[in-house]
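Undergrad: would you be able to build a 3D model of this:
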Amino acid sequence: MTKKIVVTGLGATTPLGGTMTDSWTALLAGESGATTLEQEWVAKNELPITFAAQAKVPAADILQRIETKRLDPSSQFALIAAREAWADAGTPDVAPERIGVDWATGIGGVWTLLDAWDTLRERGPRRVLPMTVPMLMPNGPAAAVGMDVGARAGSRTVVSACASSTESIINAVEHLRAGYADVIIAGGSEAAIHPLPIASFAAMQALSKRNDEPATASRPYDVTRDGFVLGEGAAALVLETEEHALARGARIYAEVIGGAVTSDAYHITAPDPEGSAAARAMLETIELSGESIDAVAHINAHATSTPVGDIAEYNALKRVFGDRLHSIPVSATKASTGHLLGGAGAIEAAFTVLALYHRTLPPTINLTEQDPEIPLDVVTSPRPLGEGKHLAISNSFGFGGHNAVAGFRTA
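TA: As a prediction, this is how the structure comes out:
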């Protein structure tokens, strides 16, 4: 019999709030985390995009000084989210050999890497910090979380662009079912609001250009959408078998069905416009639930607010759900948080879990004129989900053609 996996803890630090609770509250209130960047490096580098969705609460306000000095911002965010999730799960009393970490990032320690390069060029090799490599490596966040909770069942890292942390959640479910651990902290983090990524994303015309109106720049499905808003932060989910959770009297937020990973093999940045591989990931996820597509009551869409990406995802959804798609409520929460890249899937998975737990679907802000080519039932104000068992999916698609879809069900 397949083990049932459940969510028992949630944590986050996002552009909407320094905790999961604050982020969820702000999301339901229709707030935006996008603001104008005040750092001097914006003007110094003559960046064409002057806004982003920065973490609402700086990591330095939460962590000890020694932690901020020895950890890249991507690891700092990971530690904050994981600690909240672990406490939210009741600080499980589990043998270290039965605790695991499945973490993700899309870019890793970009601040550490580029700061060290500047130091090398300007001040010489003796001034490069000895902790530079441990801080910049993509598995740094997983290592930081693993050491913090004493996880000895494995500390794994996924790097699959914007599909990364959804894939980490899928991996965690598979590892729990295989018996590798009793409890796993899964999630993802990103801290890439840096001049180089901003300049690069801008050069490929991926970012919104609305410098004068950051709060309304991310507008999924709108006819005037012109790109995504770069975000930062982290989210963590504590996963365990239902049997283990019940035995220790843990609160259960939702069941994790698991998920599926596919690839487009189409283009390094553009999604396959037909959406066939993305559709297959959705179908395989729904099949894992043992239910039909009619059971899906909610979709948290990838919905980056790019002209090409939103329509490609719609085509994939249409392949899966046909005409029924137009009656399934869809939330596009990047409109509020910005795009957390490798951390996006984790925060959106957490929002999906909370939507099921509170039976309230979060809104999509900034949608004023919906694209007629994307006739979805978009949730634009908090909407009740209703009683009974419900199935929901959360989509993540990344550069390189990576597709990851996770499924969740009310407990």
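Undergrad: next, count neighbours for Gly290.
TA: When neighbours are defined as other C-beta atoms under 10 Å, Gly290 has 11 of them. Quick note: C-beta positions are derived from backbone N, CA and C, even for glycine.
Undergrad: distance check, it against Leu207.
TA: Using C-beta to C-beta, to the nearest Å, Gly290 is found at 41 Å from Leu207.
Undergrad: kindly report the same for Ile311.
TA: Ile311 is 18 Å from Leu207, by C-beta to C-beta.
Undergrad: ok, those two, which is more surrounded?
TA: Shown here are Ile311 and Leu207; by other C-beta under 10 Å, Leu207 has more neighbours (27 against 17).
Undergrad: what pLDDT does that one get?
TA: pLDDT recorded at Leu207 is 98.
Undergrad: and what of the one 3 residues further on?
TA: Reading off the per-residue confidence, Arg210 sits at a pLDDT of 98.
Undergrad: state the number of residues packed around it.
TA: Neighbours of Arg210 using other C-beta under 10 Å come to 19.
Undergrad: so the residue lying closest to it once chain neighbours are set aside versus Val42, what's the distance?
TA: Leaving aside its sequence neighbours, Arg210 sits nearest to Ala217 (C-beta to C-beta, 6 or more residues apart in numbering; 3.9 Å). Look at Ala217 and Val42: by C-beta to C-beta, they are 16 Å apart.
Undergrad: compare these two (neighbour count), which wins?
TA: Neighbour tally, Ala217 and Val42, criterion other C-beta under 10 Å: the higher count belongs to Ala217, 27 against 17.
Undergrad: how near is that one to Ala12?
TA: Distance, Ala217 to Ala12, using C-beta to C-beta: 22 Å.
Undergrad: how about Leu120, what does it touch?
TA: Counting by C-beta atoms under 8 Å, 6 or more residues apart in numbering, Leu120 touches 127-128.
Undergrad: secondary structure class for Lys389?
TA: The three-state assignment at Lys389 reads coil, by DSSP: H, G, I helix; E, B strand; the rest coil.
Undergrad: what about it, how many neighbours?
TA: Lys389 has 12 nearby residues by other C-beta under 10 Å.
Undergrad: ok, it touching Arg409?
TA: Yes: using C-beta atoms under 8 Å, Lys389 is in contact with Arg409, at 6.5 Å.
Undergrad: secondary structure element holding Val42?
TA: helix 40-44 (DSSP states H and E).
Undergrad: no no, Asn403
TA: Short version, using DSSP H and E: Asn403 is in strand 402-410.
Undergrad: many thanks, we can stop here.
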